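>>> Mind looking at a prediction? Sequence and model below.
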Amino acid sequence: MFIYGAGGHGRVILTAAIAAGLPVNSFFDDNPGNAKVNGIDVFSYSPVIDPHEQIVIGIGHNETRKKISGFIKHPFGNIIHPTALIDSPVDFGIGNVILHRSLLQTGVVLGNHIIVNTGAIIDHDCQIGDFVHVAPGAVLCGGVKVGAGSFIGAGSIVVQNINIGCGCMIYAGSVVTRHVPDHAVVRGSPARVIRYN
């Protein structure tokens, strides 16, 4: 397994991979220097290095993760920490990272390159689009739909059957009780639109 991104989020993914019994051969990074991360070498990306080895992108920022995914030639894998609780059935895309003590209930559908961060809860029948980041401790109640590229902030709550558009940002600690249009930035309890990206 390879991880693209040797910063803080990449190191967290490394611990999840190790816990899941997935050996990480090396990190790729845009600024590798002569560094090692937890004793693992860091290189500039090259598609010819073990080209059949799976990779995940260890970058928390959604747009950066999307950009990197466009030039990666290695096959994408998923990393799921063994403390994550995942009910059946849950549909997975590729390149997803499910971190420590997160919970995914029955009927959840995940797209590609999604981060379900530490302790996040995604309840039944939620649909999560590509390149979404559900931050630590966030809660999506049943039937929530999240559009591609949206960020759900730490400790926020999205009540049942809410639709969050594409490219949205939900501030940490917000309580979302109404549908959120594309590219909206919302915060508060109840959350309100404060601007558009």
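Structure's in. What do you need? Numbering: from 1, shown residues only.

>>> hey, which helix or strand in this structure has the poorest pLDDT?
strand 36-37 (a mean of 88; mean pLDDT, DSSP states H and E).

>>> Identify each buried residue in the next helix or strand after it, please.
Proceeding N to C from strand 36-37, the next assigned helix or strand is strand 40-43, under DSSP states H and E. Residues of strand 40-43 classed as buried by neighbour count (16 or more other CB atoms under 10 Å): 40, 42. (Glycine included, C-beta is placed from N, CA and C.)

>>> thinking again about what came up before, run through who's touching the least confident helix or strand of the chain.
With CB atoms under 8 Å, 6 or more residues apart in numbering as the test, strand 36-37 has contacts from 6, 10, 11, 14, 27, 42.

>>> rerun that using 6 Å as the cut-off
Residues from elsewhere that reach strand 36-37 (CB atoms under 6 Å, 6 or more residues apart in numbering): 6, 27.

>>> Show me the helices in the protein, by range?
With DSSP state H, the ranges of helices along the chain come out as 8-19, 62-69.

>>> want to throw those into a markdown table with mean neighbour count and mean pLDDT?
A markdown table is the format used below for the helices of the chain (neighbours: other CB atoms under 10 Å; pLDDT from 0 to 100):
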| stretch | mean neighbour count | mean pLDDT |
| --- | --- | --- |
| helix 8-19 | 19 | 96 |
| helix 62-69 | 18 | 98 |
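
>>> how about the ones you listed, which one is nearest residue 103?
Closest approach to residue 103 among the helices of the chain is made by helix 8-19 (15.1 Å; CB to CB).

>>> List the buried residues in stretch 172-181.
Under the neighbour-count criterion of 16+ other CB under 10 Å, stretch 172-181 has 173, 174, 175, 176, 180 buried.

>>> Relative to residue 134, how far out is the nearest residue to the first one once chain neighbours are set aside?
Distances taken as CB to CB, 6 or more residues apart in numbering put residue 155 closest to residue 173, at 4.9 Å, once the chain neighbours are dropped. Residue 155 is 11 Å from residue 134, where distance means CB to CB, to the nearest Å.

>>> Settle it for me: which of those two has more neighbours?
Neighbour count, other CB atoms under 10 Å: between residue 155 and residue 134, residue 134 has more, with 31 against 17.

>>> in the sheet, who's paired with the more buried one?
Under DSSP bridges, the beta-bridge partners of residue 134 are residue 116, residue 152.

>>> Contacts only, for it.
Contacts of residue 134 by CB under 6 Å, 6+ apart are 116, 120, 152.

>>> Verify the contact between the first one and residue 103 for me.
No: contact criterion CB atoms under 6 Å: residue 116 and residue 103 do not qualify, at 8.8 Å.

>>> Which one of the buried residues of stretch 172-181 is nearest to residue 145?
Distance to residue 145 across the buried residues of stretch 172-181 (CB to CB) is lowest for residue 180, with 10.3 Å.

>>> give the contact list for that closest one.
164, 165, 168, 186.

>>> circling back: kindly state the pLDDT recorded for the residue nearest to residue 173?
Residue 155 is assigned 98 on the pLDDT scale.

>>> That's all I had, so thanks and see you.
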